[in-house]
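Undergrad: Below are the sequence and a predicted model; questions follow.
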Amino acid sequence: MGKNKCKTVAIFLPLVDQKSDFVQEDFLQRFVQLSLGDPIVHEIETDSNQQTTEENDDDDSTPFSFEFDDAYIVSLDASEWKEHDHYRILGLRYKRSDASAAEIKSAYRQLVLRHHPDKRKVPLEERQSDYFPAIVKSFEILSNPKKRIAYDSVDPEFDDSIPSRNKSISPEKFLDVFGPVFERNARWSAKTPVPLLGDDNTSYDELMNFYKFWLNFESWREYSYLDEEEKEKGADRDERRYLDKLNKAERQRRKNAEITRIRQLVDCAMLNDPRLKRRKEDELRRKQEEKEKKRVAAAEKHQEVMAQEEEKRKVEELKAAEAKELAEKEKRERDAAKKAAKTQRKRFKDLCKTFNNFCEEEIDIDLKSWWLEGIDLVCTNLEVEDLKTLNEELSKCNNDESQVKSIVEEQIKMQHSQLEEKKKELLSQQQKQSSQTPNGDHAKGADVWTTEEVQCLVKALQVLPPGTDKRWVAISNFINNHVHNGKQVRSSKQVVNKAKNLQNLNNEGNQEVKNQIKQKSVEAYATNHMTSQNGTPESIPTERTDDAVIWSPQEQKLLEAALKNYPPDTEKRWEKVSAAVPGKSKRECMQRYKEIVELLKAKKAAQSAKATAGK
């Protein structure tokens, strides 16, 4: 880059009276030249490019067309410069913001040549009210980029109007109405390029990018030109700060209003855009089609599931019908077997009652109890076929009491012997199990439980239900206190093991042991207890009805208590009695009561006969 020499002029200005509010710079320079002669010239080095640029700027040879409105210019008042149309003053009314800096400079020079007070030979006393300062102010604003931006932001010729939301716009006119509005407002965008509204064939992605850009629109408009208070007019610093604060607040308010205006424009466009409406309709249609497909698929799946369930239901109904038929068949067989057993037992008992159960009036009470219990034992333990064979054999005796008695007595003894054999077998099994258990107490034979201990354990399990604090210790103490007079013979561990063994009493062998235990209870109770004060018999551990119903001591006590609470004159007495005895029906309670009454009558008859024989 080459260096060139240029001349600079140093002008020594005289003291000028500042009473005038406005003195033109050109006038002062001209005045100095006329008064003092040539100015002092200094030589400095400058860049050739810079000089060339300045020469080009000073060159007015470039042809520009301007439309000066002399009538408007002459009518201007310089003090009201904020109300002026600066582009109109410089003859750029129609170019406005599109006018270049060169055009602005050229227009100003032409105006100076035409309207300068020196050219028009305006007297000095009239220059203070002359219109030429308005031309200078317009050039000052438009030649300064910052001030020009401030003026362009509030250009009075710009149309800020937007379509109203309350006014419906037809799809055919949408692009004609909103297209120019967006193009007009695109000049304020701080980001470039600015997307346009497009046409009817614009893709959805381009359309969304357009609205996204305008929803986040960043405007470079600023409103310092409209400041009502000039900061420089402040008398001191505080006042200038206060005026600056007021101006900034008003600028921000106008800025927010501009943002709101752009947002309303975008919202109104999105509300009326037929392309978005078509897109929404397409989306709605697609969703409805998908929904319909899902509904049809769900209906088909539901029908398929219903068909499967219906098929499954039919199979289950068929199986249920077969199972029901089988169950009914088994029930009929059980009912028939039960009825046959009941018939044979009744036949056997009726035959025994024919001979007064082989109990004469002078017979001993123990012997009479042996006969009654033996008859029940035969009815309970004999199978139906065996009992039927026995009844046929007895019917062949032709009511020969001695022969019938011998046969029944033989059968009772046989049943007693079988019970003894099973008892011995059970004891041997228990001893064998205790010998196989690796426990010192078992080795000493301490695990062999007597019938009294087992009965006491069963009673303790009922009295002390699960959930009792230290239950097994309490049960062991219960057995030791009631059976061994307080001696610590049974430990809690032995009680737990025995209770587990008793849980397996549902098989046939153990059921026999259970029957033996209850039979022993009957014998012990019949020997050692008498009736209560009101004539109700004491609790009997077990007694068998025609249907071999087993009564535990606890159930017997509940029955006795219910009989006391509900006397014979109570309405629906036996329903209430059966409800008070869990697990027992009305028929079973009545049958049990009849058996106890018969046993009581037999005992009283035996006692009276024994008393008569003693006299």
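TA: Yep, it's here.
Undergrad: At which residues are the helices of the stretch 501-615 of the chain located?
TA: For the stretch 501-615 of the chain, applying DSSP state H, counting those that start in this stretch gives helices covering 508-528, 553-565, 573-580, 586-614.
Undergrad: pLDDT-wise, which helix or strand of the chain ranks last?
TA: None of the helices or strands of the chain scores lower by mean pLDDT, DSSP states H and E than strand 40-47, at a mean of 37.
Undergrad: Give me the neighbour count for Lys248.
TA: 12 (other CB atoms under 10 Å). Using the backbone N, CA and C atoms, a C-beta is placed for each residue, glycine as well.
Undergrad: swap that for Cys268, sorry
TA: 20.
Undergrad: Wait, it touches Ser164, no?
TA: Yes - assessed by CB atoms under 8 Å, Cys268 is found in contact with Ser164 at 7.3 Å.
Undergrad: Might you report the residue contacts of Gln288?
TA: Gln288 makes contact with no residue, according to CB atoms under 8 Å, 6 or more residues apart in numbering.
Undergrad: before we move on, what SS does it have?
TA: The three-state label given to Gln288 by DSSP: H, G, I helix; E, B strand; the rest coil is helix.
Undergrad: Same check on Ser168?
TA: coil.
Undergrad: can you give me the strands for this protein?
TA: 3-10, 40-47 (DSSP state E).
Undergrad: which ones are touching Leu382?
TA: Taking CB under 8 Å, 6+ apart, we find Leu382 in contact with 390, 411, 415.
Undergrad: repeat that for 10 Å
TA: Under the criterion of CB atoms under 10 Å, 6 or more residues apart in numbering, the neighbours of Leu382 are 341, 344-345, 348, 388-390, 411, 414-415.
Undergrad: separation between it and Lys353?
TA: Leu382 sits 18 Å away from Lys353 when distances are taken as CB to CB, to the nearest Å.
Undergrad: With Gln110 instead?
TA: 154 Å.
Undergrad: out of those two, which sits in the more crowded spot?
TA: Gln110 (16 against 11).
Undergrad: Surely Val378 is in contact with Val408?
TA: Yes - if you go by CB atoms under 10 Å, Val378 and Val408 touch, sitting 7.3 Å apart.
Undergrad: anything in contact with each of the two?
TA: Going by CB under 10 Å, 6+ apart, residues that sit against Val378 and also against Val408 are 348, 352, 390.
Undergrad: and these, which are buried?
TA: For the shared contacts of Val378 and Val408, a neighbour count by 16 or more other CB atoms under 10 Å gives the buried set as 348, 352, 390.
Undergrad: With adjacent residues omitted, what lies nearest to the second one?
TA: Leaving aside its chain neighbours, Cys352 sits nearest to Ile375 (5.3 Å; criterion: CB to CB, 6 or more residues apart in numbering).
Undergrad: so that neighbour makes contact with Phe358?
TA: Yes - at 8.6 Å, Ile375 counts as touching Phe358 under the criterion of CB under 10 Å.
Undergrad: what's the overlap in contacts for these two?
TA: With CB under 10 Å, 6+ apart as the test, Ile375 and Phe358 both reach 352, 408, 412.
Undergrad: ok, how many other residues are close to the last one?
TA: Counted with other CB under 10 Å, the burial measure for Ile412 works out to 19 neighbours.
Undergrad: any weak-confidence spans in this protein?
TA: The chain contains residues with pLDDT under 70 at 1-63, 229, 231, 360-364, 434-447, 504-549, 613-615.
Undergrad: Let me know the closest of the shared contacts of Ile375 and Phe358 to Gln429.
TA: Ile412 (26.1 Å; CB to CB).
Undergrad: Apart from its neighbours in sequence, what residue is nearest the closest one?
TA: Counting by CB to CB, 6+ apart, the residue nearest Ile412 is Gly374, at 3.5 Å.
Undergrad: Show the contacting residues for the one you found.
TA: 352, 357-358, 408-409, 411-413, 415-416.
Undergrad: same deal with Leu461?
TA: Residues in contact with Leu461 (CB under 10 Å, 6+ apart) are 471, 475, 478, 495, 499, 502.
Undergrad: rerun that using 7 Å as the cut-off
TA: 475, 499 (CB atoms under 7 Å, 6 or more residues apart in numbering).
Undergrad: Okay, it and Val194: tell me how far apart.
TA: 94 Å.
Undergrad: Likewise for Leu457?
TA: 99 Å.
Undergrad: Looking at the two, which is more packed in?
TA: Neighbour comparison, Leu457 and Val194: the larger count goes to Leu457, with 22 against 17 (by other CB under 10 Å).
Undergrad: got a list of what the more buried one touches?
TA: Contact analysis of Leu457 by CB under 7 Å, 6+ apart lists 479, 495, 498-499.
Undergrad: please redo it, this time with the cut-off set to 10 Å
TA: For Leu457, the contact set (CB under 10 Å, 6+ apart) comprises 449, 475-476, 478-479, 483, 490, 494-495, 498-499, 502.
Undergrad: Trp214 reaches Leu207, doesn't it?
TA: No - counting by CB under 10 Å, Trp214 does not reach Leu207; the two are 11.1 Å apart.
Undergrad: Now do the shared contacts for those two.
TA: Among the neighbours of Trp214, those also in contact with Leu207 (CB under 10 Å, 6+ apart) are 195, 197, 270.
Undergrad: Among these, which one has the most neighbours?
TA: That'd be Leu197 among the shared contacts of Trp214 and Leu207, by other CB under 10 Å, with 21 neighbours.
Undergrad: Next, the contact list for that one, please.
TA: Leu197 neighbours (CB under 10 Å, 6+ apart): 174-175, 178-183, 186, 207, 210-211, 214, 269, 273, 275.
Undergrad: likewise Glu232?
TA: Counted by CB under 10 Å, 6+ apart, Glu232 has contacts 240, 243.
Undergrad: could we number from 766 for the rest of this?
TA: Okay, residue one is now 766; in that scheme the one you just asked about reads as Glu997.
Undergrad: Starting from Lys977, give me the distance back to the residue nearest to Cys1033 when sequence neighbours are not counted.
TA: Distance criterion CB to CB, 6+ apart; nearest residue to Cys1033, sequence neighbours excluded, is Arg930 at 4.9 Å. For Arg930, the distance to Lys977 (CB to CB) stands at 20 Å.
Undergrad: Likewise for Gln875?
TA: Relative to Lys977, and taking CB to CB, Gln875 is found at 47 Å.
Undergrad: Kindly report the same for Ser1373.
TA: Distance from Ser1373 to Lys977, counting by CB to CB: 117 Å.
Undergrad: count of neighbours near Gln1372?
TA: 12.
Undergrad: Would you mind confirming that it makes contact with Ser1134?
TA: No - counting by CB under 10 Å, Gln1372 stays clear of Ser1134, with 11.8 Å between them.
Undergrad: Please list all residues in contact with Val1261.
TA: Counting by CB under 10 Å, 6+ apart, Val1261 makes contact with 1236-1237, 1240-1241.
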